[in-house]
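Enquirer: With the sequence up front, the predicted model follows.
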Amino acid sequence: MDYHVLWYIIMGLLLMGYAVLDGFDLGAGSLHLFSKGDHERRVVLNSIGPVWDGNEVWLITAGGALFAAFPEIYATAFSGLYLPFMFLLFSLIFRAVSIEFRSKEESLRWRKFWDMGFSSGSIISTILYGIAIGNIIDGLPIGADKEFHGNILSLLSPYTILTGVFNLSLFSLHGAMYLILKTEGDQQARMKKLTLKLYGVFFILYTIVTVTTLIKHPEMLANFSFAKITPLASHSIIENNIYLISIISWAIVILNILAIANIPRCLMQGKELQGFISSACTVMAVVLFFALGLFPNMLVSNIDPKFSLDIYNGASSVYTLTTMFYVAIIGMPFVLLYTGLIYWTYRGKTKVRKESY
Amino acid sequence: MDVEVLSRLQFAFTAMFHYIFPPFSIGLGLLLVIFESLYLYTRSPLDEKITRFWIKIFAANFSLGVATGIVLEFEFGTNWSKYSRFVGDIFGSPLAAEGIFAFFLESGFLAILLFGWNRVRPWVHWISTVLVAIGSMMSAFWIIVANSWQQTPVAYRLVSENGFTRALITDFWAVVMNPSSMPRFIHTILGCYIQGAFLVISVSAFYIIKKKHLKFAQRSILIALTVAGLAGLVQPFIGHWHAVIVAKYQPTKLAAYEGLFETTKGAPLTLFGWVDVEKQKTYGPQIPKLLSIMVDGNPDTVIKGLNEYPREVWPAVNQVFQSYHLMVGLGMLFLSLSFISLYWHKRGTLYEKTWLMWFYVFSVALPVMANQLGWYSAERGRQPWVVQDLLKTSESVSPSVHWGEVLTSLILFAVIYALLFCVWIYVLNKEIQHGPESHEYAPEAGYTKTQEFMDAAITKKV
């Protein structure tokens, strides 16, 4: 296994960490307006209060890691998706500031304004992530110069809008499972009712997205296919271990189905933590399918597959990949330690006090 | 309209707006460590009040720093894709290290710093405060390493494939310890300490004028004046160290700082003045030979002037001259103000000088200006290069981005940041008007667990 593959795996782990962690607080934000009354809304805000900032650091670190390990991918994707990324930034900024400032003033209008900011910021950024992922699956107009040759309209297709809405349903479900874990009494009971509906929407959208993706892009299944489907780009690691990798991939599919099936069971039986873990597993599985389907490509060109950027022609030098691999190996245990410590300190049900958000 | 001009405007605007906040966080971070250490030592209600009030001010500022910081990390890719391709092998690494080593540390322990006062033991809270302060400085370190490599590029080789040139790293530690990274890091951090200290000085002076929270304000202002004075005292020496490196690696920048056109043996130092680029003259009072003495201690050293270099690699000379001189002047003002105030404090007359207190209330804007001017000089003085002598700013723009897109995002940034700025001032003002609370009944901060056993152990009065 070379450092290019290792860095693809590290990027995948960072993306999974980000999707699972920020996924629930974006989801909680998307559902924020469903909570009625000031007290319930403060419970929602305070349930994510101590952790959302740390969750977003996964995005910042993933961005930095992409720049360091795969600068060509970073440059092409960020400049190609210019306006989507800008709107992502605006919504993330607005959301962050809404969380911070909402409870600084008693006035109802003030709080309503920031409630809107928090929820619209969460919804828009979640949809934009989905649109970005949809575009990467669909392929981008990348030329021989590694630059993007499309326009903003080419980024919005029925398929990418579908993946955007699907991501909203996925994160909302995940956020709802988190809120069930963090709330009690009436608020929790109402959240459970809402979650069952969300689950239905998510289930339908997940099916539609899976079917559409497989019809449009059967090659996304190549790495799962026991060498039956020809991939867009092959890699010796896949070719040499295609049976093992296919078996692992299908095992993940089965585990994902079990996790999805487990969510309503947990809702009925009041197994809050298990339910949240199940939705977290679903989020991770979606990222994994995306990563497995794409590998070893990172950005597929729909002008000519020759122009696609993969883990080799998009990467930094082997020297940088090696150095940064050690940096990551030294740093990641600390990251996991801090994250674990904070979640442990703030475990249990959320209580709102005078000095809370 | 031109994508390059719009992208430069947007980057300058977003970077300058962002840089209002981190210096407050870094400076207040150090002060919080001092305040809380004092509290752990004295266990007095006054020190608790001081620590907890400044934590609230810190919080209002920190999230804006984070939110506006993500923008910059994205903008390298969105607006400067050719730059990103060129430097990615080198520049990306410190950015990633910043995330892994600094941001996780900072954001993790911030949760305890902000919400954990009654939830964890006092020494655990103190450690969290220290770690947040260290994290914010580490973050400054890595980003300054990245920026310093652009000023003084070392340990790279240029590789061309298919018509693209990239800089590849040859030695990671040589990049981290590039000639300008240490002096620039220390110079920047001291600037942050001064800015944080002046926020404390400003708010405390306001309470002193209003005769409110007097004990609180007098203790806060004294500690902050000491921090500002010490940082201000060291700053000229570090600034000098930095200037020597600029002279060696970026002679056009130094010549622009000093408005020096002709190569001069025994070059003078202009104290303040005006540069006429057309006539190639710098007007203003000068001290003979001082520039040569400052660059290497010898009054007869030859300093290269701008005319040694083609006109197209000159920065905007008068702008850089003015911003640099203003920064130095402000630095001198901070140093003398804090020392004379400490002297008056010793004489016991400091708090009677209402004019000085009023000046201090508004003085917080000055270190913000000085820090902005310093960066303005450093970045503007490097133009037309984005990486000194290797890559021009004009060659770095994203080819796939349309000017309309940049104009749209620039306008939206202006609107959103204007709103944020107003809200930030409003919230800060509210916290300041509200003032410090006394914590005799110790209200719970944030959030409690269902299991109370740990809290019970914590809230036990010592």
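Expert: Nice, I can see it. Numbers count the residues shown, from 1 in each chain, chains lettered A, B, ... in the order given.

Enquirer: Could you give the average pLDDT over the helix or strand where residue B:66 lies?
Expert: In the assignment (DSSP states H and E), residue B:66 maps to helix B:45-79. The average pLDDT within helix B:45-79 is 91.

Enquirer: near chain A, anything from it?
Expert: Yes: applying Cβ under 8 Å from any Cβ of the partner chain, one finds helix B:45-79 touching chain A at B:59-60, B:63-64, B:66-71, B:73-74, B:76-79. To be clear about C-beta, it is placed using only N, CA and C from the backbone, and glycine gets the same treatment.

Enquirer: List just the nearest of these to chain A.
Expert: Chain A lies nearest to residue B:77 out of the residues of helix B:45-79 next to chain A, by Cβ to the nearest Cβ, at 2.8 Å.

Enquirer: That closest one contacts residue A:82, doesn't it?
Expert: No: Residue B:77 lies out of contact with residue A:82 (Cβ atoms under 8 Å); the separation is 9.3 Å.

Enquirer: Neighbour count for these two, which is higher?
Expert: Set residue B:77 next to residue A:82 and count neighbours by other Cβ atoms under 10 Å in any protein chain shown: residue B:77 wins out with 28 against 25.

Enquirer: If you drop the residues flanking it in sequence, what lies closest to the more buried one?
Expert: Nearest non-adjacent residue to residue B:77, counting by Cβ to Cβ, 6 or more residues apart in numbering or on different chains: residue A:78, 2.8 Å away.

Enquirer: neighbours of the one you found, just the number please.
Expert: For residue A:78, using other Cβ under 10 Å, the count is 27.

Enquirer: quick one: it and residue A:272, what's the gap?
Expert: Residue A:78 sits 38 Å away from residue A:272, going by Cβ to Cβ, to the nearest Å.

Enquirer: Contact partners for residue B:286?
Expert: Contact analysis of residue B:286 by Cβ atoms under 8 Å, 6 or more residues apart in numbering or on different chains lists B:268, B:269, B:270, B:271.

Enquirer: ok, now with 10 Å
Expert: B:258, B:259, B:267, B:268, B:269, B:270, B:271, B:273 (Cβ atoms under 10 Å, 6 or more residues apart in numbering or on different chains).

Enquirer: filter these to the buried ones?
Expert: B:258, B:259, B:267, B:268, B:269, B:270, B:273 (16 or more other Cβ atoms under 10 Å in any protein chain shown).

Enquirer: any idea where the strands of the stretch 101-250 of chain B begin and end?
Expert: Along the stretch 101-250 of chain B, the stretches classed as strands by DSSP state E, counting those that start in this stretch are B:156-161, B:164-169.

Enquirer: Extract the CA atoms of the helix or strand just after the helix holding residue B:66 and return them as CSV.
Expert: Note on helix B:45-79: by DSSP H and E, the next helix or strand toward the C-terminus is helix B:81-97. Extracted in CSV, the C-alpha atoms of helix B:81-97 (Å, rounded to 0.1, in the frame of the first residue of the first chain):
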residue,chain,number,x,y,z
SER,B,81,-6.3,27.8,-7.8
LYS,B,82,-3.1,28.3,-9.7
TYR,B,83,-1.4,29.5,-6.5
SER,B,84,-2.7,26.4,-4.7
ARG,B,85,-1.4,24.1,-7.4
PHE,B,86,2.0,25.8,-7.3
VAL,B,87,2.5,25.9,-3.5
GLY,B,88,0.2,23.0,-2.4
ASP,B,89,3.1,20.6,-1.7
ILE,B,90,4.6,23.1,0.8
PHE,B,91,1.8,25.4,1.9
GLY,B,92,-0.8,22.7,2.6
SER,B,93,1.3,20.9,5.2
PRO,B,94,1.3,23.7,7.9
LEU,B,95,-2.4,24.3,7.2
ALA,B,96,-3.1,20.6,7.9
ALA,B,97,-0.8,20.6,10.9
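
Enquirer: what about the helix holding residue B:66, distance to the chain center?
Expert: Mean-position distance between helix B:45-79 and its chain equals 13 Å (Cα atoms, centre = their mean, to the nearest Å).

Enquirer: any weak-confidence spans in chain A?
Expert: Residues of chain A that meet the criterion pLDDT under 70 lie in A:353-357.

Enquirer: rewinding a little: reformat the contacts of residue B:286 as CSV; add secondary structure and distance to residue B:300.
Expert: What follows is the contacts of residue B:286, written out as CSV (DSSP: H, G, I helix; E, B strand; the rest coil; distance: Cβ to Cβ, whole Å):
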residue, secondary structure, distance to residue B:300
B:258, helix, 17
B:259, coil, 20
B:267, coil, 10
B:268, coil, 13
B:269, strand, 15
B:270, strand, 19
B:271, coil, 21
B:273, coil, 24
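
Enquirer: re the thing from before, which pair of the buried ones among the contacts of residue B:286 spans the longest distance?
Expert: Maximum pairwise distance in those, criterion Cβ to Cβ, is 14.5 Å, between B:267 and B:273.

Enquirer: Might you name the residue of chain A sitting closest to chain B?
Expert: Counting by Cβ to the nearest Cβ, chain A gets nearest chain B through residue A:71, at 2.2 Å.

Enquirer: Thanks a lot, see you next time.
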